[in-house]
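Quick one: sequence and predicted model below, then my questions.
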Amino acid sequence: MKRTSRIFILITPLFLQIFFSESPAQISILSTPSLNKTSGGIPTTRIPSNSISHIAVRGSEVWLGTGKGLAKTSDGGRTFSSFRYVPEFASPGIFSIDVRGDTVWASTGYSEEIDNNSVQTGSGYTYSFDNGATWRAAQQPLDPANDSLERYGVNTVRFIPITVREQNVTFDLALTDSVVWVASWSSGLRKRAYNDTTWHRTVLPSSSRGAIAPTDTLVNYLIDPRLDNAFLIFSVYPEDNRIIWAGSAGGIHRSPDGGLSWTTLTADNEPQPILGNWVIAIKGQPLGSRQRIWTTNWPAEGATEKYGVSCTDDSGKTWMNFLIGVKAYDFAFKDSIVYVASDQGLYRSPDGGNSWEGSGSIIDRSRGNVISGSVFYATGVVEDTVFGGSGDGLARTIDNATHPFAGSWDVLRTNEPVGTTSKTYAYPNPFSPRQERIRIHYSTGGVAATVTIECFDFGMNRVKTVLRDAQRDGQSEHDELWDGRDESGALLPNGVYFYRVTIAGADPAWGKIMVIQ
């Protein structure tokens, strides 16, 4: 298949930012899956990465998909288990996770340069049936070049074989009692039984059809993701074992019978429609004996499409739309309360969307930590604790009658204290200036002092003064942000750079930064 098209190129910068903010670009793939290795997590007091793209909750456990692998905490973030070095993980970039009972699945991927563009590439799946004590690996679904036909009722449907891992990335996966569903962009919607090795392709309706069933008569029906956004699948949510929702770049597909027949709901074909046809997340909010289905919506092509969130109580016949203009990424729920992770922080609604409050600035006053920026990619809830995953750390707050939402924050990061003016380090390192900012960490030695930080290229030419005689207190250690640009505002090329921290009254401390675009 072709490696680029309009929608394919459109997606690349955003999801490089989410999933690769702390990962080197060229990461090797497992050529042969390892199926039976024993490999649990490594205990640590800190998250493995400050870039957190996914959160999944199982009881009191919080699973995190980060830029440096999978992690979990069972005590609200006081300690973590890191699965960064588990050999079954083909690469550290986590694109999606889901947890059901003791079953955990994660999809992985990385970026590679193709025609001067960074392209997302799927490296496969790592899964556990014992809550992470042991892991198995599976390859990203690929089709043989001559495998293009699929029986569908009385029909034979032709698929464009997906033979490469590029643009074949599982952006979402979801577990039922015995089946894993994967939404793999150009590779479409597929499923397999937990202990099976065969992925089964799903026949979905084209944009022109709007619905499909095995009893239909289909003539020359072709599923080609290069030609139809409805075949570019981004999200999946099983409401139960029978009702399956799938989000595409061309609307929402819904199946009432386990994935055999489908109806497509778009921003154009319903009297009370969704806001936008690019649906990157679908989740269900349990409300008694029923579920309210929520979706995040982005504009794909139509001039009237908008960013925001939509929800339905009647299987998609009518939709209610909220947070119009807000780019949203994820949902979490606590009884009747809905939380939304977005590019404008975390939002909370206690009344089904009628009213909303935002998180505001995220400041951990006890540690002196601040989340830079406002973008949150993931959220999750354990009892009264609300978690938010950003590119700059994990935030948590309490939401109950005595502790109002966002009244106070804890910010958890992977940095270690240095304790002396003679030591410094920068993180994440390596880093990509197009996707993130780097933090230069240092201590003033417990006293107030003026600080200057300068960055140099390999020839020791000064390229940037990050700080000049800035006053810093001695009550805590400090992080200074650098965006990887020189004095003129130009992005620096790939390479090794040095920085110098000069604290009044102390010898300079030196560190090294690697820039990888």
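Looks like it came in fine.

So Ile516 sits against Phe431, correct?
Yes. Look at Ile516 against Phe431 with CB atoms under 8 Å: they come within range, at 7.3 Å. Where C-beta positions appear, they are placed from N, C-alpha and C, glycine not excepted.

Give me the more crowded residue out of those two.
Legend: neighbour count by other CB atoms under 10 Å for Ile516 and Phe431, higher for Phe431 (24 against 16).

Now that one: closest residue in space, sequence neighbours ignored.
Closest residue in space to Phe431, ignoring its immediate chain neighbours: Ile438 at 4.6 Å, by CB to CB, 6 or more residues apart in numbering.

Check Ser123 too.
Ala90 (4.0 Å).

Tell me if that neighbour really is in a strand.
No. Counting by DSSP: H, G, I helix; E, B strand; the rest coil, Ala90 is not part of a strand but coil.

can you pull the pLDDT of it?
On the pLDDT scale, Ala90 is placed at 92.

wouldn't it be in contact with Gly122 here?
No. Under the criterion of CB under 8 Å, Ala90 makes no contact with Gly122, lying 9.3 Å away.

Quick check on these two: which one has the bigger neighbour count.
Gly122 (32 against 26).

Pull the contacting residues for the residue nearest to Phe431.
Listed by CB atoms under 8 Å, 6 or more residues apart in numbering, the contact set of Ile438 reads 426-429, 431, 481-482, 484, 513.

how about Ile52, what does it touch?
Contacts here follow CB under 8 Å, 6+ apart; on that basis Ile52 touches 64-67, 377-378, 389-391, 393-394.

out of everything not next to it in sequence, what's closest to it?
What sits nearest to Ile52 in space, not counting adjacent residues and going by CB to CB, 6+ apart, is Gly389, at 3.2 Å.

distance of the one you found from Pro144?
38 Å (CB to CB, to the nearest Å).

Who has more neighbours out of these two?
Neighbours were counted for Gly389 and for Pro144 using other CB under 10 Å; Gly389 has more, 28 against 8.

In a helix, the more buried one, correct?
No. Going by three-state DSSP, the assignment for Gly389 is strand, not a helix.

isn't it right up against Ile371?
No. Between Gly389 and Ile371 there is no contact under CB under 8 Å: 10.5 Å.

Helices along this protein, start to end?
For the chain, the helices defined by DSSP state H occupy 6-19.

which residue ends up closest to the midpoint of it in space?
The structure's the chain has its C-alpha centroid closest to Ser53; by CA atoms, centre = their mean the separation is 3.3 Å.

isn't that one right next to Gly389, touching?
Yes. Assessed by CB under 8 Å, Ser53 is found in contact with Gly389 at 6.5 Å.

shared neighbours, the two?
Common neighbours of Ser53 and Gly389, counting by CB under 8 Å, 6+ apart, are 377-378.

For the residue lying closest to Pro271 once chain neighbours are set aside, give me its contacts.
The shortest distance from Pro271 to any non-neighbouring residue, by CB to CB, 6+ apart, is to Thr318 (7.2 Å). Taking CB under 8 Å, 6+ apart, we find Thr318 in contact with 270-272, 312.

and what of Asn429?
Contacts of Asn429 (CB under 8 Å, 6+ apart): 438, 512-514.

rerun at 6 Å
Neighbouring residues of Asn429 by CB atoms under 6 Å, 6 or more residues apart in numbering: Ile513.

how close does the residue nearest to Ser123 sit to Thr66?
For Ala90, the distance to Thr66 - CB to CB - is 16 Å.

where does the chain dip in pLDDT?
1-39, 116, 435 (pLDDT under 70).

what does the domain assignment say about it?
Following automatic domain parsing, one finds the domains of the chain at 1-140, 142-325, 425-515.

Endpoint to endpoint, the second one covers what distance?
The reference is to domain 142-325. Taking CA to CA, to the nearest Å, domain 142-325 runs 37 Å from one end to the other.

do stretch 252-265 as well
5 Å.

Centre of the chain to that stretch, how far?
With CA atoms, centre = their mean, to the nearest Å as the basis, stretch 252-265 stands 25 Å off its chain's centre.

do stretch 372-392 as well
12 Å.

burial measure for Asn494, as a count.
With other CB under 10 Å as criterion, Asn494 counts 12.

show me what contacts Ala470?
Ala470 sits next to Val451 when contact means CB under 6 Å, 6+ apart.

so how far is Pro433 from it?
22 Å.

burial of the residue lying closest to His54 once chain neighbours are set aside, as a residue count?
Distances taken as CB to CB, 6+ apart place Gly65 nearest to His54, at 3.3 Å, with adjacent residues excluded. Using other CB under 10 Å, Gly65 is surrounded by 27 other residues.

And Asn354, by the same measure?
Quick note: Asn354 (other CB under 10 Å) scores 9 neighbours.

what sits against it?
Shown in contact with Asn354 (CB under 6 Å, 6+ apart): no residues.

Quick check: it vs Ser336, distance?
11 Å.

Please apply the same query to Phe80.
In terms of CB to CB, Phe80 sits 31 Å off from Ser336.

Neighbour count: these two, which is higher?
Neighbours were counted for Phe80 and for Ser336 using other CB under 10 Å; Phe80 has more, 24 against 13.

In contact with Trp510, which residues are there?
Going by CB under 6 Å, 6+ apart, Trp510 touches Arg500.

Mind doing that once more with 7 Å?
Listed by CB atoms under 7 Å, 6 or more residues apart in numbering, the contact set of Trp510 reads 498, 500.

is it in a bridge, and if so with what?
Arg500 (DSSP bridges).

what about it, distance to Ala426?
11 Å.

Kindly report the same for Val119.
For Val119 relative to Ala426 (CB to CB), the value is 27 Å.

again with Pro205
50 Å.

how far does stretch 311-327 stretch from start to finish?
15 Å.

Quick one: end-to-end distance for stretch 207-219.
End residues of stretch 207-219 are separated by 16 Å (CA to CA).

again with stretch 245-260
OK, stretch 245-260 end separation, CA to CA: 12 Å.

How far does that stretch sit from its chain's centre?
Worked out by CA atoms, centre = their mean, stretch 245-260 lies 21 Å from the chain centre.

Please apply the same query to stretch 174-191.
Distance of stretch 174-191 from its chain centroid, counting by CA atoms, centre = their mean, is 17 Å.

pull the CA atoms of that stretch into CSV?
Extracted in CSV, the C-alpha atoms of stretch 174-191 (Å, rounded to 0.1, in the frame of the first residue of the first chain):
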residue,chain,number,x,y,z
ALA,A,174,-10.2,-3.2,23.9
LEU,A,175,-10.8,-6.5,25.7
THR,A,176,-14.0,-8.5,26.0
ASP,A,177,-14.3,-11.8,28.0
SER,A,178,-12.3,-13.7,25.4
VAL,A,179,-11.5,-11.4,22.4
VAL,A,180,-9.1,-8.5,21.9
TRP,A,181,-10.2,-5.9,19.4
VAL,A,182,-7.6,-3.6,17.8
ALA,A,183,-8.0,-0.4,15.9
SER,A,184,-4.9,-0.1,13.7
TRP,A,185,-5.4,2.9,11.4
SER,A,186,-4.6,1.7,7.9
SER,A,187,-4.9,-2.0,9.0
GLY,A,188,-8.5,-1.3,10.0
LEU,A,189,-10.4,-3.1,12.8
ARG,A,190,-9.3,-6.6,13.6
LYS,A,191,-9.9,-9.1,16.4
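
what's in contact with it?
Stretch 174-191 is contacted from outside by 1, 98, 100, 103, 105, 107, 122, 141, 162, 167-173, 192-194, 199-202, 204, 223, 225, 231-238, 241, 244, 246, 259, using CB under 7 Å, 6+ apart.

mind redoing it with 6 Å?
With contacts defined as CB under 6 Å, 6+ apart, stretch 174-191 is touched by 98, 100, 105, 141, 162, 167-173, 193-194, 199-202, 225, 231-238, 241, 246.
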